[in-house]
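> Structure for this input, please:
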Amino acid sequence: METLANQAEVATSKGEQGKVYKITEIVCGKYRGTTDTPITYEQGRLLTTEAEPEARWSKHFREVLNRPPSMTQADIQETAEADLDIHI
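Residues are numbered from 1 along each chain as shown. Just a heads-up that it's a prediction; the model follows:
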């Protein structure tokens with residue numbers, strides 16, 4: 001517990017909120033780590049060999065990323081309506 005507390009302090013000082021959240025979940029007993037959820041094919045059949053999930057993901061991203069162009073054009077204005085007050 002002491003080690004987790006020290007890790008949380010270091011993560012907080014570095015601004016690593018994701019790490020702090022993960023440590024908090026570990027302390028609360030809710031952290032499950034990564035899950036090796038089985039991947040199913042479109043028809044619901046479980047993919048069992050090592051090459052099948054890779055082929056399924058490849059097909060999925062091909063379908064998602066290679067869609068036909070939209071029939072309507074986006075309405076993007078050339079200039080902004082108001083300047084944002086941003087301090088850097």
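
> any idea how far Val27 is from the residue nearest the centre of the chain?
Centroid check for the chain by Cα atoms, centre = their mean gives Gly18 as the closest residue, at 12.2 Å. Gly18 sits 15 Å away from Val27, going by Cβ to Cβ, to the nearest Å. For glycine as for every other residue, the C-beta is placed from the backbone atoms N, C-alpha and C.

> ditto for Ala82
Relative to Val27, and taking Cβ to Cβ, Ala82 is found at 45 Å.

> higher neighbour count, the two?
For Ala82 and Val27, the more surrounded residue by other Cβ atoms under 10 Å is Val27, and the numbers stand at 13 against 5.

> Next, the more buried one: secondary structure please.
helix (DSSP: H, G, I helix; E, B strand; the rest coil).

> and if you look at Ala82?
The three-state label for Ala82, taken from three-state DSSP, comes out as coil.

> tell me the domain ranges of the protein?
1-33, 36-64 (automatic domain parsing).

> Need those domains in JSON lines (columns: distance to Gln77 and mean pLDDT).
Output for the domains of the chain, formatted as JSON lines (distance: least, Cβ to Cβ, whole Å; pLDDT from 0 to 100):
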{"stretch": "domain 1-33", "distance to Gln77": "34", "mean pLDDT": "86"}
{"stretch": "domain 36-64", "distance to Gln77": "28", "mean pLDDT": "80"}
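
> Can you tell me which of those domains is most buried?
domain 1-33 (a mean of 12; mean count of other Cβ atoms under 10 Å).

> Report the distance from it to the chain centre.
Averaging C-alpha positions (Cα atoms, centre = their mean, to the nearest Å) puts domain 1-33 19 Å from its chain's average.
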